[in-house]
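# Here you go, sequence then predicted model.
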Amino acid sequence: MPEFVGAVDQGTTSTRFMIFDHAGREVGKHQLEHEQVLPRAGWVEHNPLEIWERTQTVIGTAMSRHNLSATDLAALGITNQRETTVVWDRRTGRPYYNAIVWQDTRTDRIASALDRDGRGDVIRRKAGLPPATYFSAGKVQWVLENVEGVRAAADRGDAIFGNTDTWLLWNLTGGTHGGVHVTDVTNASRTMLMNLETLDWDEELLSFFDIPRSMLPQIRPSSDPDLYGRTSGRSAIPEGIALAGDLGDQQAATVGQVCFAPGEAKNTYGTGNFLLLNTGTEIVRSKSGLLTTVAYQLGKDRPVYALEGSIAVTGSAVQWLRDQLGIISGAAEVEQLAAQVQDSGGMYFVPAFSGLFAPHWRSDARGAIVGLSRYNTNAHLARATLESICYQSLDVVKAMEKDSGVRLDVLKVDGGVTANKLCMQMQADILGVPVSKPVVAETTALGAAYAAGLATGFWSTTDELRENWQEDRSWEPQWSDDQRAEGYAGWTKAIGRTLDWVDVD
């Protein structure tokens with residue numbers, strides 16, 4: 001019997017492969033970064049061929065390090081940066097253009113036009129999403145309209161689309177030699193093209209973006225006992241591994257955090273922050289700037305939905321301090337620098353580099369550092385950066401409580417920033433509730449592994465997965481209510497300073 005399950009975690013800045021045992025413990029991993037292509041202000045791209053090459057390398061390296069063969073893995077799951085859009089030629093396997101990343105804002109005029117003429121309300125009702133640069137459909141439309149030959153190729157049936165999960169599944173199963181063109185309900189729910197009620201592509205929504213249905217992948221459950229396929233052996237990856245789990249990264253983290261009951265919530269701290277609240281099998285429409293999305297679908301069970309608050313820039317703000325300003329040489333140094341001061345000295349930093357996502361949804365916003373005086377130092381800026389991560393999460397929690405009527409009692413957290421103990425203490429202080437981190441903090445890969453393992457019988461029920469969850473540590477709030485209110489009032493003023501900066505037609 002196979003002893004392990006593997007998971008590809010294809011993220012915004014890197015791709016990794018992780019191997020887990022039956023207790024959900026990490027057995028091995030390998031991770032490689034890929035290039036961030038920034039052609040002009042607001043444009044963010046990745047090379048899909050580089051991502052595929054990195055995927056082959058991390059799987060092959062991790063398995064060889066631990067002397068594992070295909071028969072040692074019960075299944076393989078995929079989790080991915082959602083919304084990032086790839087359009088490629090099904091005959092040659094070559095992308096027509098770089099992957100357009102979820103952070104990219106070049107489609108702001110497309111999104112604005114949808115809201116002006118009322119189509120935005122239809123998208124909100126059917127897809128659960130506001131028209132925004134964040135999602136996939138506008139990116140596909142941009143490629144069709146701006147890359148020579150793609151429209152004609154789409155009309156012929158040669159040009160096909162997928163988020164990075166679809167791109168990898170197609171290549172893993174053979175690519176031009178019989179590769180499967182599939183996605184799962186969670187990734188499909190991030191496109192502005194899927195109807196939340198039917199779980200199928202919607203003809204009216206497709207017409208808004210003039211996207212041929214033939215470009216789109218088949219929508220499948222997140223955990224599929226019928227399998228999406230098996231690794232083909234036409235690459236550096238061992239042949240015959242069952243591909244059975246597929247979840248967008250934040251939904252994967254929700255599964256990895258075992259948030260299987262309505263009212264359970266998690267917050268993932270990565271390039272951005274993503275807070276999801278399980279709302280059960282009923283669709284809850286947001287009136288407070290949140291997204292209604294599919295949390296997961298296990299086999300033939302009814303889909304489970306979630307409210308989501310998506311924040312564009314959190315961990316990447318720390319990268320900005322490192323790469324653009326040079327005030328730290330590594331992301332881990334920000335905690336030490338911020339700890340040199342007791343507070344941010346009246347400074348607020350709103351990292352709205354690509355506009356504001358939930359709950360504001362303002363593509364006209366841009367980043368701002370406010371409240372500066374001669375007193376402020378780079379340590380104050382480092383602390384304000386960490387506070388910005390926490391305040392943006394508070395904005396989402398407030399909207400979530402308003403929509404759902406559920407008061408948050410504890411916040412489960414995961415992702416790279418949770419290694420920053422100062423930031424997690426700030427999060428507890430700013431929220432006013434305990435923050436709890438599991439032993440396995442990188443729960444996106446774990447969630448993909450769980451989905452694949454459930455599909456193939458490696459794990460039998462979600463109750464079995466709950467038994468695997470263990471708390472590593474928690475942080476209790478230390479601020480007074482007055483401190484919390486004063487800090488949030490300043491944050492709200494700072495948000496106001498970022499608005500109306502860019503003219504959006």
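Good, I have the coordinates.

# Let me see the confidence value for Asp505.
Asp505 is assigned a pLDDT of 59 by the prediction.

# Also Leu386?
97.

# Now do the same contact list for it.
318, 334-335, 338, 420, 422-423, 426 (CB atoms under 8 Å, 6 or more residues apart in numbering). Bear in mind the C-beta positions are built from the backbone N, C-alpha and C, glycine included.

# try it again with 7 Å
334, 338, 420, 422-423, 426 (CB atoms under 7 Å, 6 or more residues apart in numbering).

# possible to save those as CSV with pLDDT?
Listed next are these as CSV, based on pLDDT from 0 to 100:
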residue, pLDDT
Val334, 95
Ala338, 96
Asn420, 94
Leu422, 96
Cys423, 97
Met426, 97
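
# List the ones among those residues that fall in helices.
334, 338, 422-423, 426 (DSSP state H).

# Return the member of the residues you listed nearest to Val180.
Cys423 (40.5 Å; CB to CB).

# so the closest one sits right up against Ser388, yeah?
No - using CB atoms under 7 Å, Cys423 is not in contact with Ser388, being 10.3 Å away.

# Next one: Glu333, what pLDDT does it get?
93.

# With the one 10 residues further on instead?
Predicted confidence (pLDDT) at Asp343: the value is 94.

# Return the residues in contact with it.
Arg383.

# try Ala261
Ala261 sits in contact with Asn278, where contact means CB under 7 Å, 6+ apart.

# Among the ones in helices among the contacts of Leu386, find me the one that's closest to Ala74.
For those, the nearest to Ala74 is Cys423 (36.0 Å; CB to CB).

# do you know how far the nearest residue to the closest one once chain neighbours are set aside is from Leu411?
Distances taken as CB to CB, 6 or more residues apart in numbering put Leu386 closest to Cys423, at 4.5 Å, once the chain neighbours are dropped. Using CB to CB, to the nearest Å, we find Leu386 at a distance of 16 Å from Leu411.

# With Ala451 instead?
23 Å.

# When these two are compared, which one has more neighbours?
Of the pair Ala451 and Leu411, Ala451 is the one with more neighbours under other CB atoms under 10 Å, namely 34 against 22.

# Was I right to think Arg230 contacts Ala242?
Yes - between Arg230 and Ala242 a contact is recorded at 5.7 Å, counting by CB under 7 Å.

# When these two are compared, which one has more neighbours?
Ala242 (23 against 19).

# Can you report phi and psi for the more buried one?
phi -70, psi 130 (degrees, to the nearest 10).

# so where do the helices sit in the stretch 101-250 of the chain?
108-116, 119-127, 136-146, 150-156, 164-172, 185-188, 203-209, 249-256 (DSSP state H, counting those that start in this stretch).

# And for the stretch 351-500 of the chain?
378-404, 421-431, 443-456, 462-468, 481-498.

# Next, the angle from the third one to helix 164-172.
What it means is helix 443-456. 60 degrees (axes from the mean of the first three to the mean of the last three CA atoms, to 10 degrees).

# One more: the second one?
Angle, helix 421-431 to helix 164-172, by the same axes, to 10 degrees: 140 degrees.
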